[in-house]
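[1] okay, predicted coordinates and the sequence, questions at the end:
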Amino acid sequence: MNDTRKITEGALMTGTYLLLLLIILFTPPFLGPLFLVILPVPYVFYSYRHGWKSGLLMLAVAVIIPLLFAPVLSLFTLISGIGGLFIGGAMFNKRNSYETLAMGSIGFIFSLVSVFVISQVLLGINWSEEIRLTFDDAFDTAQSMMNAFGGGAGPEEELTALQEQMASLPDYLPSVLAMVGIVYAFIAQWLSYKVINRVEGKKFHFPHFRHFNLPISVLWYYFFALIFTFVFAESNNIWYLAAINVFTLAGAFLVLQGFAFIFYYTHVKDKSKALPILAIVGSILFPTILLYLVRILGIIDLGFSLRDRLQTKK
């Protein structure tokens, strides 16, 4: 009876996934990303109920079917399926929300890197070169428009400086893939929580963001990576690329730590809830200055345990 139920639910979840995949094919391009974040939910739901081994069988079936008609779609299946299995498997093993997020992030990062390698080896796509060509075309178009409308030397110099900065973007591809994997895992897990809570009456949820706290090791990764970026700055070899990617990723985590402290400070001191909202909006509008300050705040909070000091004073 249990095996029959497992097979029935597996067929239902596989059909749901394939239906979502078809919807993506026939929706406008600007709506596609909205459905992409939903794709892992059937895998999460099934793996949560029956474990990752059963989910792996579902993934195998879901990969084979698109492979017969549109092989490119199998790449989407690998990304959403592997990440969904990691999240659902963690939930099946009673992991807490942050442990589940960590496992899901690993799954999505692994799947993104795998698809990146497969597309380069089997399909011959050089992503670094494609990114450079895309930006070159965009800057050429912008420069042509500026010349047509009589742009001055100032805007052209700014455009050239921006083009030089964007030329190094492929070097940050590993950290970009890692950030995308983490964000994708968070959204997929949040959506899965909503679905499971509605279907099964559970109460899965993320803790309040103000309780987000990184391990102190992230701070050491950040500072060692910062030192290595200066040590290997002239060589531009694999060690330099590794250092700037670790530095970028650790810096992004420290920004989250800084925002979490602002939320915590607002809660402990009974300040207006508009304060953290203004901090986020201001950081989006003026990222060069405010994101740097928020990162410093995250470093101080993590290094000197500011939250413990606030709690002690209260």
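    That came through, no problem.
[2] helices and strands of the protein: which one has the lowest mean pLDDT?
    helix 153-166 (a mean of 57; mean pLDDT, DSSP states H and E).
[3] list the buried residues of the next helix or strand after that helix.
    Later in the chain than helix 153-166, the nearest helix or strand by DSSP states H and E is helix 173-200. Under the neighbour-count criterion of 16 or more other C-beta atoms under 10 Å, helix 173-200 has 174-179, 181-182, 184-186, 188-189, 192-193, 195-196 buried. (Each C-beta comes from the backbone N, C-alpha and C, glycine too.)
[4] also stretch 95-111?
    Across stretch 95-111, burial judged by 16+ other C-beta under 10 Å covers 95, 97, 100-111.
[5] from those, which is closest to His267?
    Nearest to His267 among these is Ser97, at 18.8 Å by C-beta to C-beta.
[6] which SS state does the nearest residue to the closest one once chain neighbours are set aside fall under?
    What sits nearest to Ser97 in space, not counting adjacent residues and going by C-beta to C-beta, 6 or more residues apart in numbering, is Phe206, at 5.0 Å. Following DSSP: H, G, I helix; E, B strand; the rest coil, the label given to Phe206 is coil.
[7] wait, Phe206 sits on Lys194?
    No: Phe206 is beyond contact range of Lys194, at 11.3 Å (criterion: C-beta atoms under 8 Å).
[8] what score does Lys94 have for pLDDT?
    Per-residue confidence (pLDDT) for Lys94: 90.
[9] and what of Trp220?
    At Trp220, pLDDT is 92.
[10] now swap in the one 4 residues further on and tell me
    pLDDT recorded at Phe224 is 91.
[11] can you give me the strands in the protein?
    For the chain, no strands are identified by DSSP state E.
[12] was I right to think Tyr43 contacts Gly88?
    Yes: here Tyr43 reaches Gly88: they are 6.1 Å apart, a contact under C-beta under 8 Å.
[13] name the residues contacting each of these two.
    Common neighbours of Tyr43 and Gly88 (criterion: C-beta atoms under 8 Å, 6 or more residues apart in numbering): Gly55.
[14] isn't Ala185 right next to Tyr98, touching?
    No: look at Ala185 against Tyr98 with C-beta under 8 Å: they stay out of range, at 11.2 Å.
[15] could you list the low-pLDDT ranges of this protein?
    For the chain, the stretches flagged by pLDDT under 70 are 1-2, 29-30, 32-33, 123-168, 234-236, 312-314.
[16] domain parsing for it?
    Domain ranges of the chain: 1-125+172-206, 212-314, per automatic domain parsing.
[17] which of these is buried the deepest?
    Comparing the domains of the chain by mean neighbour count (mean count of other C-beta atoms under 10 Å), domain 1-125+172-206 ranks first with a mean of 18.
[18] and the buried residues of stretch 95-111, which is closest to Gly55?
    Nearest to Gly55 among these: Gly107, at 11.0 Å, using C-beta to C-beta.
[19] and the closest residue to that closest one other than its chain neighbours, what does it touch?
    Using C-beta to C-beta, 6+ apart and skipping residues adjacent in sequence, the residue nearest Gly107 is Phe86, 2.8 Å away. Residues near Phe86 by C-beta under 8 Å, 6+ apart: 52, 103-104, 106-108, 185.
[20] what is the nearest of those to Val268?
    Comparing the contacts of Phe86 against Val268 with C-beta to C-beta picks out Ala185 as the nearest, at 29.1 Å.
[21] quick one, what contacts that closest one?
    83, 86-87, 101, 104-105, 107-108.
[22] wait, which of those residues is closest to Tyr222?
    Among those, Ser105 lies closest to Tyr222 (C-beta to C-beta), at 18.0 Å.
[23] that closest one reaches Ile182, doesn't it?
    Yes: taking C-beta under 8 Å as the definition, Ser105 is a contact partner of Ile182 at 4.5 Å.
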